[in-house]
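Asks: have a look at this prediction, sequence included:
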Amino acid sequence: MMAFNLKRVFLAVLFLIALASHSAFAQSSSCRETAQWQYASLDGSKVYYQLIGETGQAVVFVHGWSCDSSFWRKQIPPLAKGRRLVLVDLIGHGKSDKPKLEYDLALFAESVKAVVDHARLDRVVLVVHSMGLGVAREFIRQCPGRVEGLVIADGAYIRIPQDPKEREKQKVQCAALTDMFRKQPFKRGVQIFVKGLLDKKTPVDVAQEVTEKISSTEPRVAVSAMANFCNPHFWTEEPMGVPTLAIYADSPDMPQDNRHYLETLFSDFEYHLWQGVGHFPMLEKPVKFNSLLDGFLKRLENRPKRVKEK
């Protein structure tokens, strides 16, 4: 009963469906030949990323909480032709360094910026999952004008209550969620958490992979990121003004006005609500996901190009 309550607290408080092998390119020989591991430097720490392709539209993939760049592997072969694809291991995750510091959305956005700058990309499309939505919002704030489009895969976000008592209640609930990972073995907390994010139709192999990979995250990084995700500082509601495609998994815990709320934050908004899928749509239904993503990217390419100011 305790595990069920904690899961409900997370879903109710964060208004999300939440969460978020570098053998990712084994499916395609052409991708395997052109993929390059590189690293950018962020205050002396290495942020690793893979760059696929040398010319064309720049698309940057940002994973969710306690995940890594391999969560996007099913998007690479179908989308690589004629594009530059960048898969980031956020600082603290995957192959990237894991310095002893506080992990929050601003730091993650800085690690994305370090990669984009190192890869010498001007304007990019961000494709983000779960916590990656918060990272994208911070990146847009830090780098105005550099994001030409945003794709959200079951993005996680928080709405800060206006009433002080409700804000305090939310703070307590967020702390209870973080304590789920502090006060018992980390892997057990992850198992409880991930179970609440999956659908009964989620493939068994996807469920196992997600649980194993998230469990392998360094606990101090995961706990810090979860605790700081709840910081109200990151959840102001100014419009982002970026053309956006949003794909969400239907859930009884989702706010009924999820679509309307997101429309107030992003322009040229396209929204899809999927049945029979859990929190990892890019892994659970990759063909359907890739079709929508490819269409959105092509529409962005066909938009009139912005003329740089001199």
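Replies: Arrived safely, thanks for sending.
Asks: low-confidence ranges in the chain?
Replies: For the chain, the stretches with pLDDT under 70 are 1-35, 305-310.
Asks: redo that, cut-off 90
Replies: Judged by pLDDT under 90, the chain has its weakly predicted residues at 1-37, 54, 177, 183, 251-254, 267, 302-310.
Asks: break down it into its strands, ranges please.
Replies: 36-42, 45-52, 57-62, 83-88, 124-129, 147-153, 244-249, 269-274 (DSSP state E).
Asks: out of these, which comes closest to residue 169?
Replies: The closest of the strands of the chain to residue 169 is strand 244-249. By C-beta to C-beta, the value is 25.3 Å. Where C-beta positions appear, they are placed from N, C-alpha and C, glycine not excepted.
Asks: and that closest one with strand 269-274, angle?
Replies: Computed by axes from the mean of the first three to the mean of the last three C-alpha atoms, to 10 degrees, the angle separating strand 244-249 from strand 269-274 equals 10 degrees.
Asks: by contact count, what packs against strand 244-249?
Replies: strand 147-153, helix 258-263, strand 269-274, helix 286-301 (3 or more C-beta pairs under 8 Å, 6 or more residues apart in numbering; DSSP states H and E).
Asks: can you put the ones you listed in a markdown table and add distance to residue 68 and mean neighbour count?
Replies: A markdown table is the format used below for the helices and strands packed on strand 244-249 (distance: least, C-beta to C-beta, whole Å; neighbours: other C-beta atoms under 10 Å):
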| stretch | distance to residue 68 | mean neighbour count |
| --- | --- | --- |
| strand 147-153 | 15 | 25 |
| helix 258-263 | 26 | 16 |
| strand 269-274 | 24 | 16 |
| helix 286-301 | 17 | 16 |
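Asks: so which of the strands of the chain gets nearest residue 211?
Replies: strand 124-129 (15.9 Å).
Asks: nearest residue to residue 234 other than its sequence neighbours?
Replies: Among residues not flanking residue 234 along the chain, residue 105 sits closest, at 4.8 Å (C-beta to C-beta, 6 or more residues apart in numbering).
Asks: my read: that neighbour touches residue 230, true?
Replies: No. Residue 105 lies out of contact with residue 230 (C-beta atoms under 8 Å); the separation is 10.4 Å.
Asks: these two - which one has more neighbours?
Replies: More crowded of residue 105 and residue 230, by other C-beta atoms under 10 Å: residue 105, with 24 against 19.
Asks: contacts only, for that one.
Replies: 131, 134, 135, 137, 138, 228, 229, 231, 234 (C-beta atoms under 8 Å, 6 or more residues apart in numbering).
Asks: one more: residue 209?
Replies: residue 283.
Asks: so residue 215 sits against residue 191, correct?
Replies: Yes. Between residue 215 and residue 191 there is a contact at 7.4 Å, judged by C-beta under 8 Å.
Asks: what's opposite residue 46 in the beta bridge?
Replies: As for beta bridges, residue 46 partners with residue 41 under DSSP bridges.
Asks: select the longest helix from this protein.
Replies: Using DSSP state H to define each element, the chain has its longest helix at helix 164-182.
Asks: just checking, what packs against that one?
Replies: Short answer (3+ C-beta pairs under 8 Å, 6+ apart): helix 164-182 packs on helix 2-14, helix 186-195, helix 219-229.
Asks: repeat that for 6 Å
Replies: Packing partners of helix 164-182 (3 or more C-beta pairs under 6 Å, 6 or more residues apart in numbering; DSSP states H and E): helix 2-14, helix 219-229.
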